[in-house]
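> Sequence and predicted structure below; questions after.
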Amino acid sequence: MALQLGEIIAALGGELHGDATQRIEGLAPLEGAQPGQLSFLSNPKYRQQLESSRAACVIVAAGLREQALARGACIVADDPYLYFARLTQLWKRVHARPEGPAIHPSAVIADDAHIAEGARIGPHCVVERGARIGAGTVLKARVHVGEDCTVGARCILHPGVVIGADGFGFAPHQGAWEKIEQLGAVRIGDDVEIGANTCIDRGALADTVIEDGVKMDNLIQVGHNCRIGAHTAIAGCVGIAGSATIGKHCMLGGAAMILGHLTIADRVVISSGTFVARSIHKPGLYTGIFPIDDNANWEKNAATLKQLHTLRDRIKALEKALEEKKT
């Protein structure tokens with residue numbers, strides 16, 4: 001089902017330069033868009049793709065209006081990327097297929113679990129005793145929500161998500177390990193999205209907490225008793241060890257590693273692949289990545305790194321000797 005540009009403007013706003021009756025058959029990236037498709041340009045460094053794009057219409061910021069008009073129709077928006085995000089939501093609503101039953105027949109739901117009105121439970125999901133699922137929340141296929149765990153309103157849990165598995169807690173005893181029963185739960189706020197096969201462990205005593213608006217990618221591990229602040233975004237394969245506290249409005253790049261019992265302040269950005277071994281108390285961008293190199297050079301640099309403490313001591317000794325000469 002196509003949408004006319006005028007219908008898009010009526011729904012989302014923006015400043016249209018072009019024919020309001022132009023039919024849009026699909027959405028596409030700028031470089032690959034075909035006639036009849038709508039695209040967007042949010043990063044000016046890709047502006048060279050604008051001139052050659054075959055898109056029927058392009059969403060741009062005001063600063064690129066004239067360049068966009070030189071090639072055809074455009075929609076001018078304050079934030080083209082946000083506009084495009086809302087356009088994808090509109091497109092999905094318009095093209096949505098009829099929904100099946102709110103609770104799939106193959107789902108297993110405990111008698112004392114609470115499923116709020118408007119929630120949807122997909123195939124082969126399990127909702128255990130005392131769990132609560134908020135209004136408008138969607139559990140895709142094979143999601144597991146453990147005992148007494150709470151998922152807020154309007155959340156999306158993608159296939160394979162596990163909420164409330166036991167945290168990793170064991171006490172050493174005579175060369176073996178004694179299990180520490182995990183007696184807490186997981187509390188997830190509203191408007192949270194959790195990617196496929198992500199696992200959030202229940203707390204040992206207190207609950208693991210995911211605050212409102214958190215967005216999590218696929219294959220993330222959140223250890224027991226962690227707390228993740230509101231509107232934090234976490235990319236795929238991040239590992240967060242137990243009892244770590246992540247602030248609000250943070251961004252964690254893919255495959256970042258966070259040690260347990262650390263505190264990360266609000267509005268901290270962690271680069272992909274970074275290992276966080278200490279608490280971070282100030283907002284900012286933090287990176288800890290040893291650059292890739294051919295193996296021979298890498299081994300030389302690694303060997304040099306082992307000598308840094310010795311070099312530091314030698315420099316301090318030289319500085320001290322120079323100071324003594326001056327006096």
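Noted; the coordinates are in hand. Numbers count the residues shown, from 1 in each chain.

> which strands and helices sit next to the lengthiest helix in the chain?
As assigned by DSSP state H, the longest helix anywhere in the chain is helix 308-326. Here helix 308-326 touches no other helix or strand, going by 3 or more C-beta pairs under 8 Å, 6 or more residues apart in numbering; DSSP states H and E. In short, each C-beta sits where N, CA and C put it, glycine included.

> Output it in PDB, but only the C-alpha positions, please.
C-alpha atoms of helix 308-326 as PDB (Å, rounded to 0.1, in the frame of the first residue of the first chain):
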ATOM      1  CA  LEU A 308      56.100   1.000  30.900                       C
ATOM      2  CA  HIS A 309      56.300   0.800  34.700                       C
ATOM      3  CA  THR A 310      60.100   0.400  34.400                       C
ATOM      4  CA  LEU A 311      60.300   3.400  32.000                       C
ATOM      5  CA  ARG A 312      58.100   5.400  34.400                       C
ATOM      6  CA  ASP A 313      60.400   4.700  37.300                       C
ATOM      7  CA  ARG A 314      63.500   5.700  35.200                       C
ATOM      8  CA  ILE A 315      61.900   9.000  34.100                       C
ATOM      9  CA  LYS A 316      61.000   9.800  37.700                       C
ATOM     10  CA  ALA A 317      64.600   9.100  38.800                       C
ATOM     11  CA  LEU A 318      65.900  11.300  36.000                       C
ATOM     12  CA  GLU A 319      63.500  14.100  36.900                       C
ATOM     13  CA  LYS A 320      64.500  13.900  40.600                       C
ATOM     14  CA  ALA A 321      68.200  14.000  39.600                       C
ATOM     15  CA  LEU A 322      67.700  17.100  37.500                       C
ATOM     16  CA  GLU A 323      65.800  18.800  40.300                       C
ATOM     17  CA  GLU A 324      68.700  18.000  42.700                       C
ATOM     18  CA  LYS A 325      71.200  19.500  40.300                       C
ATOM     19  CA  LYS A 326      69.200  22.700  40.100                       C
END
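
> ok, which stretches of the stretch 201-327 of the chain are strands?
Taking DSSP state E, counting those that start in this stretch, the strands of the stretch 201-327 of the chain run over residues 208-210, 215-216, 221-222, 227-228, 233-234, 239-240, 245-246, 251-252, 257-258, 263-264, 268-270, 275-276, 284-286.

> quick one, helices of this structure?
5-12, 48-52, 65-69, 80-94, 295-306, 308-326.

> Relative to the whole chain's centre, how far out is the last one?
Read that as helix 308-326. Centroid separation for helix 308-326 versus its chain: 46 Å, with C-alpha atoms, centre = their mean, to the nearest Å.

> what angle sits between it and helix 295-306?
50 degrees (axes from the mean of the first three to the mean of the last three C-alpha atoms, to 10 degrees).

> so can I have a markdown table of the strands of the stretch 201-327 of the chain showing mean neighbour count and mean pLDDT?
Putting the strands of the stretch 201-327 of the chain into a markdown table (neighbours: other C-beta atoms under 10 Å; pLDDT from 0 to 100) gives the following:
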| stretch | mean neighbour count | mean pLDDT |
| --- | --- | --- |
| strand 208-210 | 25 | 98 |
| strand 215-216 | 20 | 98 |
| strand 221-222 | 22 | 98 |
| strand 227-228 | 23 | 98 |
| strand 233-234 | 21 | 98 |
| strand 239-240 | 21 | 98 |
| strand 245-246 | 23 | 98 |
| strand 251-252 | 22 | 98 |
| strand 257-258 | 21 | 98 |
| strand 263-264 | 20 | 98 |
| strand 268-270 | 21 | 98 |
| strand 275-276 | 18 | 96 |
| strand 284-286 | 11 | 98 |
